[in-house]
Structures are given as structure tokens and as C-alpha cells.
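J.: My questions concern the predicted model and sequence given below.
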Amino acid sequence: MKNIIKTSLLLLGVFALFFACKKEELDTTALTDFPPGVLSVTPSDGSVVGSGQNFDIVVKFVSGSVSTLASTTVTLTDEGGTEIKSETKSLSNTADSIAMAGTSFNAAGLALGKYKIVVSVTDTKGKTQSRTTGFTIGIKPLIGIIGSATADGWNSDTDMPEVAPGVYELVVTLIDGEAKFRADNAWTVNWGAASFPTGTGTQDGPNIPVPAGTWKVRFEFPSGAYSFTPAVTFASNADGLYLLGTFNNFQGDEYKFNLVDDNTWVLKEILMKPGQLFKFAEDPFFMGQNWGDNAPADGKADQFGDNITFSAPEGEAFYKCTFNDKTRLYKFEFVKYNLISIIGSATPGGWDTDTDLENQGNGNFGITLDLVAGEAKFRAGHDWAVNWGAGDFPTGTGTANGANIPIPAAGKYKVTFTPATGAYSFELDAGIQSVGIIGSATPGDWAAETPMRKNGDGTYSLVIGLKGGEAKFRANNDWAVNWGANAFPAGTGVQNGDNIPITQGLYLVNFDPATGAYSFTPTTIGIIGDATPGGWNDDTDMTIDGADAAIQTATITLTGGGAKFRAGDSWDFNWGAAAFPSGTGTYNGDNIPVTAGTYTVTFNVNTGQYSFN
């Protein structure tokens, strides 16, 4: 009897162990059998696809950890959720994809606007995963890179081909300099940032500092993300190179060199001050090799050598540093000054305290300030080691340690200085905030002036349709300061001068209040864009409609796309808006979304109003 009981208990234990193991296996499976995943969707979420472009919708999947893929349904809808195309496909294995051909949903014919891609995927055990992404059908710009680092400098763009929706890439050889990205060969839309080799450009951002080399350049629209990746491989004896010194406590990756040729490393720009100590290092925290220069310093680095003391005749400034890890030769080359100031008995701080000038980003420094009769000089880094002066006023060319500049009379002056050449100017500031044109030839007659646009260099411009009559220029929407002369189409206006006689026409008007010089240059209005016969490259000129020179017209056959109006075949003056078939264009406004058709197009230069009839 006892044996029977023992046998029974033993069997119960075996059964209990068996079921416990099965339960543990079931729990483990439940915990690790993940649903399938959506690996990627093209067009990507948030991307912009060019209007009229044929494209496929491609979705890639991966399975969960246990079950294989079974099926998917992909649906394209408009922003409101209305279905445009849906497709279901059987899937297999642990990785698979679906491609919805663009021809199946007329991708090239999709209207401008936002769209959604709704994805659902199921595995063989019925587990599902869903994902919704969005993209936009828009007017895709032509993207180019421009700047002193490029072959054509700041004069023209080097176009970048689009390799994927919103992704532009180019392999190009660049020189030491600066660069920006811009759209449609114009400055209306441009991107820049101060970082290299990667960054995210912003509208009107700073120039990108670029070292010489052959680069694979990548730009993403509309995010502005960019990267410069070496397109060739160079020999080197170091895994990396950093400049470490008293300016960064001898650690950190802020001052990282780029390998631009065999064994040649370049740090494009660093602010250095005489007396600072530094070394070259393979690692930002002094791991691996490092190089100094044993006394007496000879410009050839020694492995694990002494700290190097920086010195340069230009003093505190930005320098380019080059290091060869084979020859160990190094050098610093002056790039630009960091801090320029004016000092002297004529300035607010006298000879004791500098007044800093603003770096205008183009090699010039400037400031508007009150001066008294006396003397002044320019200097770098608040130090007399580098200073400029001359005996001329109000313009001249300063020389190193030159004479004090005489300031003969007190007043508010706009001061400009170019350290590269020593050129300077002191221009009396009359307190001009705005300039307008007024008179019987203008849209507002003698009752209201038409404002002119500031050009950023003290001059003003305007594209305007004028009647036969008279006109004058005036400041701050008031008659206290006004200019005129009895000359047309060009002359030099004087305070309270004669009315300018005007001949009817469409003009580009330029005026310099500092000198009184003015000009009225005949110009034209054209329509441009991918909706027009000339695309974004060539204007279709319009003509004056009747007796009013401001009203321009053209009869033209257009395709679906974008368009803008501009003057003189140039982007300096252009108008656009997001409304169609009529609206009011603004300077540098949106592209006008055009529906295909033959239209009589009318545009009023003076009001910005347009219509497509």
C-alpha cells in the first residue's frame, strides 16, 4: 500500500513539473512575441514632393521576434481623410515591403496640398501594427550651394540634384571659404548656420565655414539639415586632431581639425590671443598622441613636446591653423579681426575707454554714435598693439600706428571701418528713418508719399508706375527734410530743391540721401515660375495696359504650378501671394498657386493687386 502511494505521489510530481514547464514556456512566448513593425515609409513623414512629380509609395516592414509577416494594407488619403488609393498585399518572412505605383493613383496629377499615408500590417498570429504619416505636394525649389568656397563664388549657384523627395546631394571640390544654400538662384529663401560639417540651416542664417576639400554635400528641404562628408580618403598618422590650450582648459572637442589632404589637417577658424598656450592632440582629452614644440620653438612640432605660446603681429583675431601629421609642421594664418573699436578724445570714452564697432559680417565694422570735436583712432582687441590712423576726414585710409584722425565738429556720425584695407568713413547722420517719393506724378499725388525700400547700405529703391508730372524725395514722411532738382532721369537732389520733372513710365527709382543722387531707370515686369513657359529661368514680359504705367498685362497659357511677378528680370523686386485667381502680392511673397489654363494676367505694380482671368 505504501509503495502504491509513493508511486502515485511520484506521478503527480512529474505531471506537475510538466505542466509548470509548459506554463513557463507559454508566459515567455507571450512576453516576447512582439507585433510587426513599420521600418520606413516613402515619401517620408513631413517631406515635400514636387508638384507634377511621379513617385511611388513604398513601405518596408519587419516582423516581431517570433511570428512572420502576413499582410498589409496601405491607404493614401487627402488631408481630410478622403481615400485616393488603397492596396492590400500578402507578406512573408521576417522582412518584406509593398510598393504602390505612382501611376495607380496619378501621383503626377495630385493637387497642391497635404496628404496622409495610413499603414496597417498583420503577422501570422494576428498581431497588428498601424502607422499614419503625412507629406505635402508643393512647389519644389531648385536648390543650389553658393559662396566664396565654391567655384563661382558669391556670383552664381552650383545646382544640387534631388536624389530623393526633399533630399539634394552633390559631390563637389571646395576651397577654403564660406557657403550657403539657397532656393531658385535667389536670396529670397536661403539657409545658413555657423556649424561644420553638419548643422541645420535657418533662413538668412550665418555663412557656413567650409575648409578646402572634395565633399559629398547633402541638404534636406524643407528642414534645412545639411552635412559635408569627405568624398575621398586621405592618408594620416592620427585618428583625429584637436587644438587644446588655455582657451579651453586643454580639453574638449570644440576645436576639431578636418583632414583635407594626405596628412594635412585644417582648423578653419579659431579666435587666438597672444600669450595663450596650446598643443595639438589626437584625442580631445589627451588620450593617444599629442604634439608641442620644444624650445626654441621652430614651427615644427615635437611628439609630447612643450606647450606652444601663441604669437602673431595681428594680435587677438581669428586665425586658420594647419598641421601636417607627417612633417609635423604647423602654421597660423590671419583670417579676420574679432573686435574693432574706436577710441580718442572725440569719442564717448575719451582715450581711456574703447567704443566697440559692430561686425557687419562683410569685412566691415560700423557704428552710429555721437562725437565731439577732437581726435580718434581705430584699434583691435582694445589694445595698442594693432591700431590705425590717418590725418584725413571724413574719409581716408588708416595705416598701422598712423596719425590721429581729426574730428572737426560735433555731431552724430555713421562710422565705417574696413581693417583689411584701413579704409574708413565718417558720415553725418541726419536722423533719417525712412524715405518716400511724393508729387503729382506719384500714386498719392502731393497728399501722400509712396515709401521706398531700404537697401541696407543707406540707399533706397522702389519700382513704381509714374504719371507725367512732378516729384520730390522726402525723409520721415515729412517736409522738414526733402530733396529735389530740375533734372530727369538722373540728378543730384538738394534740400528744398526744385520739383523733379517726370515723364510717364514704369521705373526703378534709386536714391541716396547721403549725397542726394537719384535715378529713374525704365524697367519691365515679367511673370516667372514653373507654371509659365520659361519656368523659373526666364520671365515672360508683360506690357503696359492702357494709359496707366503701373498696370501690366499679358495673355499667356499656363500649366499647373507656381508663379510670381518680378521687375527687370531680377529677384531684387518680386511679388507673390498664396491666393489664386486674384490677390494682392507682397514683396518676396509666396509663390502664386496657378491652375492650368489660358489667362489674361493683370498686375498693378503700385498696389500689388493681380488677377488671372
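T.: Received it, and whenever you're ready, just let me know what you need.

J.: CA only for contacts and neighbour counts going forward, please
T.: Noted.

J.: in the chain, which spans are helices?
T.: 2-32 (DSSP state H).

J.: Show me how the record splits it into domains.
T.: Per automatic domain parsing, the domain ranges recorded for the chain read 37-138, 143-230, 242-336, 340-428, 435-522, 525-612.

J.: And those domains: which comes nearest Ser236?
T.: Ranking the domains of the chain by proximity to Ser236 (Cα to Cα) places domain 242-336 first, at 4.4 Å.

J.: How far does the closest one stretch from one end to the other?
T.: The straight-line separation of the ends of domain 242-336 (Cα to Cα, to the nearest Å) is 21 Å.

J.: Other residues contacting stretch 188-204?
T.: 179-183, 205-210, 223-229, 571, 588 (Cα atoms under 8 Å, 6 or more residues apart in numbering).

J.: what sits up against stretch 78-95?
T.: For stretch 78-95, using Cα under 8 Å, 6+ apart, the contacting residues are 60-64, 67-77, 97-98, 100, 104-105, 113-116.

J.: which sections of the stretch 301-450 of the chain are below the confidence cut-off?
T.: 430 (pLDDT under 70).

J.: and the residue nearest the centre of the chain, bridged to which residues?
T.: For the chain, Trp191 is the residue whose C-alpha lies nearest the centre (Cα atoms, centre = their mean; 1.0 Å). Judged by DSSP bridges, the bridge partners of Trp191 are Phe181, Gln203.

J.: would you turn the domains of the chain into a markdown table with distance to Ser236?
T.: Shown next, in a markdown table, are the domains of the chain (distance: least, Cα to Cα, whole Å):
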| stretch | distance to Ser236 |
| --- | --- |
| domain 37-138 | 38 |
| domain 143-230 | 14 |
| domain 242-336 | 4 |
| domain 340-428 | 35 |
| domain 435-522 | 46 |
| domain 525-612 | 45 |
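
J.: Now, the contacts of stretch 78-95 that are in strands?
T.: Among the contacts of stretch 78-95, DSSP state E puts 60-62, 69-77, 97-98, 100, 113-116 in strands.

J.: Would you mind checking the residues you listed for buried ones?
T.: 61-62, 69-77, 97-98, 100, 114-116 (16 or more other Cα atoms under 10 Å).

J.: Narrow the contacts of stretch 188-204 to just the buried residues.
T.: Counted by 16+ other Cα under 10 Å, the contacts of stretch 188-204 give 179-183, 206-210, 224-228, 571, 588 as buried.

J.: Go through those residues and flag which are in strands.
T.: Checking the buried ones among the contacts of stretch 188-204 against DSSP E, those in strands are 179-183, 208-210, 225-228.

J.: do you know how far Asp352 is from Ala376?
T.: Distance from Asp352 to Ala376, by Cα to Cα: 12 Å.

J.: Thr523: how many residues sit nearby?
T.: Residues lying near Thr523 (other Cα atoms under 10 Å) number 16.

J.: which ones are touching it?
T.: 506-508, 567-568 are the contacts of Thr523 under Cα under 8 Å, 6+ apart.

J.: of those, closest to Glu427?
T.: Nearest member of those to Glu427, counting by Cα to Cα, is Leu508, at 25.9 Å.

J.: That closest one contacts Leu462, doesn't it?
T.: Yes. Using Cα atoms under 8 Å, Leu508 makes contact with Leu462 at a distance of 5.8 Å.

J.: returning to what we had before: among the contacts of Thr523, who's most crowded?
T.: Busiest of these [other Cα under 10 Å] is Leu506, holding 25 neighbours.

J.: how close does the spatially closest residue to that residue that is not a sequence neighbour sit to Leu508?
T.: Leaving aside its sequence neighbours, Leu506 sits nearest to Gly465 (Cα to Cα, 6 or more residues apart in numbering; 4.3 Å). According to Cα to Cα, Gly465 stands 9 Å off from Leu508.

J.: on that earlier part again, ok, so of the ones in strands among the buried ones among the contacts of stretch 188-204, who is nearest Val386?
T.: Nearest to Val386 among those, with distances taken as Cα to Cα, is Pro209, at 25.7 Å.

J.: between Asp352 and Ala376, which one's more packed in?
T.: Ala376 (23 against 10).

J.: and the closest residue to that one other than its chain neighbours, what does it touch?
T.: Leaving aside its chain neighbours, Ala376 sits nearest to Gly344 (4.2 Å; criterion: Cα to Cα, 6+ apart). The neighbours of Gly344, taking Cα under 8 Å, 6+ apart as the test, are 350-352, 374-377.

J.: same check, this time on Pro209
T.: Residues near Pro209 by Cα under 8 Å, 6+ apart: 177-179, 194-196, 268.

J.: any idea how far Ser195 is from it?
T.: 7 Å.

J.: Kindly report the same for Ser63.
T.: Computed as Cα to Cα, the Ser63 to Ser195 distance reads 39 Å.
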